[in-house]
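Provided below for reference: sequence and predicted model.
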Amino acid sequence: MLSQDQVDFYRANGYLIVADLLRADELTEANAIVDDFVERSRQVTEQSGHFDLESDHSVTHPKVRRLIAPASYHPFFDSLMRDDRVLDALASLIGPAIRAQGDKLNMKSGDGGSAVEWHQDFAHYPHSNDDLCAVSIALGDARRDNGCMMVVPGSHKEPILDHHQDGVFVGAVSPARDGLDLEAAVPLEMTAGSFAVHHARTLHGSAPNHSGRSRRLLLYQYAAVDAWPLAGVGDWDAFNSQILRGELTYEFRLSAMAVRTRLPAGPRSAGGIYELQKTLREKVFTAG
């Protein structure tokens, strides 16, 4: 469980860092599993299944940009998604009834791992209320020089920004258009095994990685069970199978807040946030 000071910090700032979630043996196991995935990616030449690849990925120099839904491919990551150490912390932030709603592992290799431009998660999947968050577990040290996540404290209390360009959803904001003060951003620097939680409305992004050291970040997304996805669900039973704590409900909580649609979708909408943001003209994080 979190302390009241930690809960208050999260409520005020929209993020929280918690040290030392994973033991040394768990870190070793996690990274060995990821190493195996990277080795297997040598046989993949294009985006496929759970592999999202960097543009310069090759058989001789494998570069995985993201592992998609690792919890569905390996029991270690599925178990960690359900771990009481994580869920106990979340219960203090989004309530005791918790639903999993997606997972990924952003690799960010040390020789040019891709940036993620500024965005709010809630713009990608609006719900009936905003008791949603993401947990980011550092599988290695995450520092500013190797592209750790950056957040704007308090931005979760502000409106959801426009993530469209030329009337098409591109999954990122325009700081110039919206007059954003990115000087207020802070780095979520973590030692290996620590984790951060950020609110689904918190403005965040990360720079490319040219440090020579990878920055592996395992991300789990969670929602309160009574938060209904406004885009609907494809399969009721599958949706409820993601409940990790609490009971399914037929009554969903509505908060008084404005939401934005992620429609119309662009041609790259099926490729995840990296592909969505490729057409963005105003990039804050450059490849240089």
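Received it, and whenever you're ready, just let me know what you need.

enumerate every residue touching the closest residue to Ala176 other than its chain neighbours.
Leaving aside its chain neighbours, Ala176 sits nearest to Glu282 (6.0 Å; criterion: C-beta to C-beta, 6 or more residues apart in numbering). For glycine as for every other residue, the C-beta is placed from the backbone atoms N, C-alpha and C. Contact analysis of Glu282 by C-beta atoms under 8 Å, 6 or more residues apart in numbering lists 174-177.

now the buried members of those.
Buried members of the contacts of Glu282, scored by 16 or more other C-beta atoms under 10 Å, are 174-175.

from the contacts of Glu282, which land in helices?
Among those, the ones falling in helices (DSSP state H) are 175-177.

just name the closest of these to Phe76, please.
Closest to Phe76 out of the ones in helices among the contacts of Glu282 is Pro175 (37.9 Å), distances taken as C-beta to C-beta.

next up, the contacts around the closest residue to Val170 other than its chain neighbours.
Spatially, and ignoring its direct neighbours in sequence, Val170 is nearest to Leu280 (5.1 Å; C-beta to C-beta, 6+ apart). Contact analysis of Leu280 by C-beta under 8 Å, 6+ apart lists 117, 165, 170, 172.

please apply the same query to Asp103.
Taking C-beta under 8 Å, 6+ apart, we find Asp103 in contact with 69-72, 77, 81, 218-221.

so which of these sit within helices?
Under the assignment DSSP H, those contribute 77, 81 to helices.

can the contacts of Asp103 go into CSV with extra columns for neighbour count?
Formatted as CSV, these follow (neighbours: other C-beta atoms under 10 Å):
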residue, neighbour count
Ala69, 15
Pro70, 24
Ala71, 20
Ser72, 11
Phe77, 21
Met81, 23
Leu218, 23
Leu219, 20
Tyr220, 26
Gln221, 19
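
which of the contacts of Asp103 fall within strands?
Counting by DSSP state E, the part of those found in strands is 218-221.

who does the residue sitting nearest the centre point of the chain bridge with?
Centroid-nearest residue in the chain, with C-alpha atoms, centre = their mean: Leu219, separated by 5.1 Å. Beta-bridge pairing of Leu219 under DSSP bridges involves Lys104, Ser136.

next one: it relative to Asp181, how far apart?
Computed as C-beta to C-beta, to the nearest Å, the Leu219 to Asp181 distance reads 26 Å.

and for Ser114?
From Ser114 to Asp181 the distance is 25 Å (C-beta to C-beta).

name the SS class of the closest residue in space to Thr249 that isn't next to it in sequence, please.
Leaving aside its sequence neighbours, Thr249 sits nearest to Asp226 (C-beta to C-beta, 6+ apart; 5.4 Å). Counting by DSSP: H, G, I helix; E, B strand; the rest coil, the backbone at Asp226 sits in coil.

now swap in Ile33 and tell me
Ile33, by the three-state scheme (three-state DSSP), is helix.

and the pLDDT for it?
With respect to pLDDT, Ile33 scores 98.

how many neighbours does it have?
Other residues near Ile33 number 19, with proximity taken as other C-beta atoms under 10 Å.

next one: Met1
So Met1, with other C-beta under 10 Å, has 10 neighbours.

now the helices for the stretch 151-288 of the chain?
175-178, 236-240, 272-276 (DSSP state H, counting those that start in this stretch).

so for the second one, mean pLDDT?
If I follow you right, that is helix 236-240. On average, helix 236-240 scores 97.

hmm, who's touching that helix?
233, 248.

can you pull out the low-pLDDT segments for this protein?
Residues of the chain meeting the criterion pLDDT under 70: 268-270, 287-288.

which residues in it form strands?
15-18, 51-53, 64-68, 98-106, 116-119, 132-138, 149-151, 164-165, 168-169, 186-187, 195-199, 204-206, 217-224, 243-245.

orientation of the fourth one relative to strand 132-138 in degrees?
In other words, strand 98-106. 40 degrees (axes from the mean of the first three to the mean of the last three C-alpha atoms, to 10 degrees).
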